[in-house]
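Asks: Predicted model follows, preceded by the sequence.
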4 protein chains.
Amino acid sequence: MNKLMFLSDYMEGCHPLVLKRLNETNLESSSGYGTDIYSLAAKEKINKILNEDNDIYFVCGGTQTNFIVIDTILKGYEGVLTIDTSHIATHEAGAIEFSGHKVITLPNINGKIKAEDIDQYMTNFYNDTSYPHMVMPKMVYISYPTEYGTIYSKEELINIRKVCDKYNMYLYCDGARLAYGLKASSNELTFAEFAKFFDVFYIGGTKCGLLMGEAIVIRNNNLKTGFFTSIKMHGGLLAKGRILGIQFDTLFTDNLYFKIGTSAIECASILKEGFKKLNLVEYINSDTNQLFIILDNNKYKELIKYVDVTYFGTYDKNNTIVRFVTSWATKKEDCYKLLDILEKL
Amino acid sequence: MNKLMFLSDYMEGCHPLVLKRLNETNLESSSGYGTDIYSLAAKEKINKILNEDNDIYFVCGGTQTNFIVIDTILKGYEGVLTIDTSHIATHEAGAIEFSGHKVITLPNINGKIKAEDIDQYMTNFYNDTSYPHMVMPKMVYISYPTEYGTIYSKEELINIRKVCDKYNMYLYCDGARLAYGLKASSNELTFAEFAKFFDVFYIGGTKCGLLMGEAIVIRNNNLKTGFFTSIKMHGGLLAKGRILGIQFDTLFTDNLYFKIGTSAIECASILKEGFKKLNLVEYINSDTNQLFIILDNNKYKELIKYVDVTYFGTYDKNNTIVRFVTSWATKKEDCYKLLDILEKL
Amino acid sequence: MNKLMFLSDYMEGCHPLVLKRLNETNLESSSGYGTDIYSLAAKEKINKILNEDNDIYFVCGGTQTNFIVIDTILKGYEGVLTIDTSHIATHEAGAIEFSGHKVITLPNINGKIKAEDIDQYMTNFYNDTSYPHMVMPKMVYISYPTEYGTIYSKEELINIRKVCDKYNMYLYCDGARLAYGLKASSNELTFAEFAKFFDVFYIGGTKCGLLMGEAIVIRNNNLKTGFFTSIKMHGGLLAKGRILGIQFDTLFTDNLYFKIGTSAIECASILKEGFKKLNLVEYINSDTNQLFIILDNNKYKELIKYVDVTYFGTYDKNNTIVRFVTSWATKKEDCYKLLDILEKL
Amino acid sequence: MNKLMFLSDYMEGCHPLVLKRLNETNLESSSGYGTDIYSLAAKEKINKILNEDNDIYFVCGGTQTNFIVIDTILKGYEGVLTIDTSHIATHEAGAIEFSGHKVITLPNINGKIKAEDIDQYMTNFYNDTSYPHMVMPKMVYISYPTEYGTIYSKEELINIRKVCDKYNMYLYCDGARLAYGLKASSNELTFAEFAKFFDVFYIGGTKCGLLMGEAIVIRNNNLKTGFFTSIKMHGGLLAKGRILGIQFDTLFTDNLYFKIGTSAIECASILKEGFKKLNLVEYINSDTNQLFIILDNNKYKELIKYVDVTYFGTYDKNNTIVRFVTSWATKKEDCYKLLDILEKL
């Protein structure tokens, strides 16, 4: 019997409707580098939902997106302010530093940055008379949802935006799992309302139903110049740009992107409720597609015989933190099977 | 009626057998970042043909491949020696310089670098007492076939390798269109014989039948350390590495890669013979999948009403250089149709 | 009346003997870029004291030295491990990140890094299965003395060296104020014994009696290749290299470097003893040329009317941390004057 | 007997008046990093001559200046257009590429770039539909005088400025030997008139009488932001900024800078006239402090027994190109001695 799969949201190929379109269009000829009709259509659809006129580019992965966006926007001596657990600070092998920029970290609160902490950092920065000898923080990077499955409230985003404006900093959002954030029960924002907070954000495709692909959405007009050439320079320009265009076009046709979000969140809700009934304690209170529970070490060892999960760290000497991730590909029946297994442990 | 397509070799999706495998495997779960069984199988198949034990990595595009390979191998103060027409010197938006390395160019001879010119450059370099103030050339970059559709003879490669050894330089080959080079009528090398010349080379997938994908083959043991992390740092690591693995696994199953080469070359041969009969003069004598002819300006204007081709430059005030490219997707009947159109001009 | 000067150790020109030699040699002609007889003599003298055969280069400043050494030694995906208060992590405007490398910080203990913390970090690093996605720590950076005026004991250095060897990491020492460390009362090492701990270190001249200048000493043979060209590439090669050569030659003639250290430490000892008598509490127990005391805010405001010192931060709402720095240029009489002023506050 | 010195203009220390001021001020205390009174005074004096309000920074060397200016001004994907013989293209060890920018070269005409060639390059650039895949030329770099001792006429500068404006490019001048250019007999410009052509230029001190030091003059208001931090980040900020400030203050007191220019040019004129009388043919017609003559190989071998000169290359199998350089340190009597030696050969 195959093990149940709750390891992550990038373990399968792509949503069947996306693959269907790739099949249907495969032998068509189209122009390269994102100038094809599918890329154009996808961009139009995204802009239509947002009711904006953004510059949009499709690239292949999250680390690539982050280092392209940050390096294209920031000057050499400018840095990005974020938290210690954010992806750019940990698991991107120093891509941001490779491109020349310091990642300045503040302590995270459940995976989130606090507006007050940004404000305090910037106050201290300018109070230090030697600040011209230090990296100038010019961008705040957040993710929605965060690496801990949490999301920002509307008020939190308002406050973060305010502090960015106060110190003339850009606000950039890593939306690798955005679909799952927008469909979380605690989410207070429409996609269009969400977008308004940011100078730039990206819509993650890799973890939300595509073979690969992230859509960079540039809202701030001052930041639009030179992106195409910069993407090329960073090795991010796909010759067959249509492959990304077709996928995003499908994702934003008939609300597929949001249906994918809903489907994964429904599965996660089944798990969350089940954990509660089983008196399993959550390590972090998340309502997106990533759930974290504290599990007795012996039960954990037993569990992983039947289920693929992420070991998220040691809780204490007797307990392990386990991460369960749902996605567009998760079946409800597998959620119930998982709960059964957990009950029997 | 649709225009005939001879514009380039990346205008369609992927070879139907590749797409078939993506369909068959789509809902399987597999581990990420190239650790999946398909990636492993693909690497094994490539190594088996070469009868070697190389480190192989799959990334998404050519510019990305070049800047990852060059930046990972070279130290900061080392540069890469190539010709003025090579891709890294022209159409990569400065990716090599972005990663910190100078691209030093010599004049091309039909798109090729000459061993004698490398030798002369290095002799002059070391004769200049101020050479420690100059970028140290540490790698020679060639492409096979070249941007002009030409290929190196065995003797030329032997000489280039010799001069690299003489000056302790690495030899790197951009194989974006390698399949078409290995099947050219003038090619003297098997795939395995070809590989032996290089410290590193890449097997192009994007232009040879894949949705996207290039296989970096690292032969020199001294250069193997750190590549995985370096690829990640350069934004080149695909989360769903299987997408590249499945494609390359298919490409090296039942000789598909070489069949794709043969098919495109057969189409090119039909064109080449046809051009001769029509007394159309070739700008460069190529026998790969790129052909260049000199065409009267008025005929060119008429031609492009019916056929998508590449404008390659002005030959003289009355004539234009036109590039025709065939690929795995080119149909022989379209080649005959093209010749008909050319005859009627 | 002029204010007393205890602000820092780079407020004057250079030691009179150094200036004397610059005067004596000014109209001599000599070859450029460090090939002059004075640079050669200076290197010989340093190597003689160390009884080693190191490669030595002279450059103009500390930040320049750090980013040249770190970037020349590390590969792109490798990072440097240090503490949160170290100069490269704070006041170098991101120079290390500009050159492409992540500065990974551990908490400081009185300005020092702990061998145990390095060991723990590396253990965690390799225990994390995703470590190939993270920056590889390949160098440990310490300063001697530290930014807090403290120095490492022999045992601490032995342990740090051991952990570096255990994890195959280079150990690099920033010796901006080395002369003052070697002459501290708690120092257990001769200059030659000190050197043996490091793969590379630098002998600071700017803060120890020169107009400017730091001597990079490369002990590890594997790290010697390419440094000259790399220095040039980083903008660190002085045309009139003799200016640095003459200064370092003088510094290592008749033990001037060590006399400078002794002189500043004698002044610091007068202050330290005086502080004790005045019941002024030290913020950190330092015995080098930087002393830190906790001073009542009102007294601090009065003090700075008569003395130039460094405001080092707020201790609590009533008290300020004040830094006093002595140097080769400090006069003993000024130390007594300072103590008088403090007594009268 | 010592050999006569015509090797280059950076073989001695500094002009005696400069050294005198360093002596006089040596034991004064002053604030660091260029905030001292001498640096401020020097900047005021330069701005007063130019009758402008420029931002001015002092750094230590030419390569350092070039890579700081170019990297601070240009965005990542932008490159600098210059000629094949310019310093940034040859003898800076790839510093510009290290900081991420491509150096695009056009053929030189006697060491100079032609406005028409820039125009042609930019016309071709924008005519190439794939230009967004190429490095965007955003700055033109010239030197005055050039590496061949030549200077631009007023008309040439007007035309270069025009073509820069036409294509929205910055114009930057490397003034390493500016004093010698402004005093050349063919020079048509006052210092203030010269400055008006450029967005940024630098006043070279190293080759014009200082121990070291170049003054970056930023005229374009849009380019002033962030320079201080960027200089620090590039390792170019001197702790004892006064050392540069005092030197430049002296250089722009009582016209010393221009007197230095005049003195070197007078020596060069003696040589130029003497060469003519001796029927020695100039390789390039220069009237600055660098002269190039074509000399019989045997005479060259004899000459260098008595005189230090620069071997500038092979003219033909019988003749060598020899460079003679004068400076502030050259004595007229040595010029006559050199002519005597040449006559006797």
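Replies: Arrived safely, thanks for sending.

Asks: need the helices for chain A, in chain order.
Replies: A:16-25, A:37-50, A:62-73, A:87-90, A:95-98, A:115-127, A:154-166, A:178-182, A:191-195, A:227-233, A:242-251, A:256-277, A:297-303, A:332-344 (DSSP state H).

Asks: want to try JSON lines for these, with distance to residue C:310 and mean pLDDT as columns?
Replies: Where you see a C-beta, it was placed from the backbone N, CA and C, and this is true even at glycine. Formatted as JSON lines, these follow (distance: least, Cβ to Cβ, whole Å; pLDDT from 0 to 100):
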{"stretch": "helix A:16-25", "distance to residue C:310": "61", "mean pLDDT": "98"}
{"stretch": "helix A:37-50", "distance to residue C:310": "51", "mean pLDDT": "98"}
{"stretch": "helix A:62-73", "distance to residue C:310": "34", "mean pLDDT": "98"}
{"stretch": "helix A:87-90", "distance to residue C:310": "31", "mean pLDDT": "95"}
{"stretch": "helix A:95-98", "distance to residue C:310": "30", "mean pLDDT": "97"}
{"stretch": "helix A:115-127", "distance to residue C:310": "15", "mean pLDDT": "97"}
{"stretch": "helix A:154-166", "distance to residue C:310": "29", "mean pLDDT": "98"}
{"stretch": "helix A:178-182", "distance to residue C:310": "47", "mean pLDDT": "98"}
{"stretch": "helix A:191-195", "distance to residue C:310": "46", "mean pLDDT": "98"}
{"stretch": "helix A:227-233", "distance to residue C:310": "42", "mean pLDDT": "97"}
{"stretch": "helix A:242-251", "distance to residue C:310": "54", "mean pLDDT": "98"}
{"stretch": "helix A:256-277", "distance to residue C:310": "54", "mean pLDDT": "98"}
{"stretch": "helix A:297-303", "distance to residue C:310": "51", "mean pLDDT": "97"}
{"stretch": "helix A:332-344", "distance to residue C:310": "59", "mean pLDDT": "97"}
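
Asks: now those as CSV including mean neighbour count and distance to residue B:181?
Replies: Formatted as CSV, the helices of chain A follow (neighbours: other Cβ atoms under 10 Å in any protein chain shown; distance: least, Cβ to Cβ, whole Å):
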stretch, mean neighbour count, distance to residue B:181
helix A:16-25, 18, 28
helix A:37-50, 18, 30
helix A:62-73, 26, 29
helix A:87-90, 20, 40
helix A:95-98, 28, 32
helix A:115-127, 15, 55
helix A:154-166, 16, 52
helix A:178-182, 29, 43
helix A:191-195, 17, 47
helix A:227-233, 24, 25
helix A:242-251, 27, 25
helix A:256-277, 20, 41
helix A:297-303, 16, 52
helix A:332-344, 16, 48
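
Asks: Need these in TSV (columns: distance to chain B).
Replies: Formatted as TSV, those follow (distance: least, Cβ to the nearest Cβ, whole Å):
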stretch	distance to chain B
helix A:16-25	6
helix A:37-50	11
helix A:62-73	3
helix A:87-90	12
helix A:95-98	5
helix A:115-127	26
helix A:154-166	25
helix A:178-182	15
helix A:191-195	23
helix A:227-233	4
helix A:242-251	5
helix A:256-277	14
helix A:297-303	17
helix A:332-344	11
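
Asks: Looking at the ones you listed, spot the one closest to residue C:293.
Replies: helix A:115-127 (21.4 Å; Cβ to Cβ).

Asks: Give me the angle between the closest one and helix A:154-166.
Replies: Interaxial angle, helix A:115-127 versus helix A:154-166 (axes from the mean of the first three to the mean of the last three Cα atoms, to 10 degrees): 10 degrees.

Asks: which non-adjacent residue is nearest residue A:252?
Replies: The spatially closest residue to residue A:252, leaving aside those adjacent along the chain, is residue A:45, at 4.0 Å (Cβ to Cβ, 6 or more residues apart in numbering or on different chains).

Asks: I'd say that neighbour and residue A:255 touch.
Replies: No: using Cβ atoms under 8 Å, residue A:45 is not in contact with residue A:255, being 10.5 Å away.

Asks: if I look at the residue of the stretch 101-250 of chain A found nearest chain B, how far off is residue B:64?
Replies: Relative to chain B, the nearest point of the stretch 101-250 of chain A is residue A:235 (3.3 Å; Cβ to the nearest Cβ). Relative to residue B:64, residue A:235 is positioned 3 Å away (Cβ to Cβ, to the nearest Å).

Asks: what's the neighbour count on the closest residue to residue A:228 other than its chain neighbours?
Replies: Take residue A:228 and drop its neighbours on the chain: the residue closest to it by Cβ to Cβ, 6+ apart is residue D:132, 5.0 Å away. Neighbourhood size, residue D:132 [other Cβ atoms under 10 Å in any protein chain shown]: 18.

Asks: Would you check how far apart residue D:132 and chain C are?
Replies: 26 Å (Cβ to the nearest Cβ, to the nearest Å).

Asks: Surely that residue and residue A:232 touch.
Replies: Yes: assessed by Cβ under 8 Å, residue D:132 is found in contact with residue A:232 at 7.2 Å.

Asks: what touches both of the two?
Replies: Residues touching both residue D:132 and residue A:232 by Cβ atoms under 8 Å, 6 or more residues apart in numbering or on different chains: residue B:93.

Asks: if we can go back for a sec, list the contacts for the residue nearest to residue A:228?
Replies: Each residue near residue D:132 by Cβ under 8 Å, 6+ apart is listed here: A:228-229, A:232, B:93.

Asks: hang on, the earlier thing: list the contacts for the residue of the stretch 101-250 of chain A closest to chain B?
Replies: A:64, B:61, B:63-65, B:67-68, B:95, B:234-236.

Asks: export the residues you listed to TSV and tack on distance to residue D:162?
Replies: Compiled in TSV, those are given as follows (distance: Cβ to Cβ, whole Å):
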residue	distance to residue D:162
A:64	40
B:61	39
B:63	35
B:64	39
B:65	41
B:67	36
B:68	41
B:95	32
B:234	40
B:235	40
B:236	43
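
Asks: Next one: the nearest residue to residue A:12 once chain neighbours are set aside relative to chain C, how far apart?
Replies: Of all residues not flanking residue A:12 in the chain, residue A:329 sits nearest, at 4.4 Å (Cβ to Cβ, 6+ apart). Residue A:329 sits 22 Å away from chain C, taking Cβ to the nearest Cβ as the criterion.

Asks: Residue A:329 touches residue B:30, doesn't it?
Replies: No: using Cβ under 8 Å, residue A:329 makes no contact with residue B:30, being 11.8 Å away.

Asks: what sits in contact with each of those two?
Replies: Counting by Cβ under 8 Å, 6+ apart, the residues touching both residue A:329 and residue B:30 are A:11-12.
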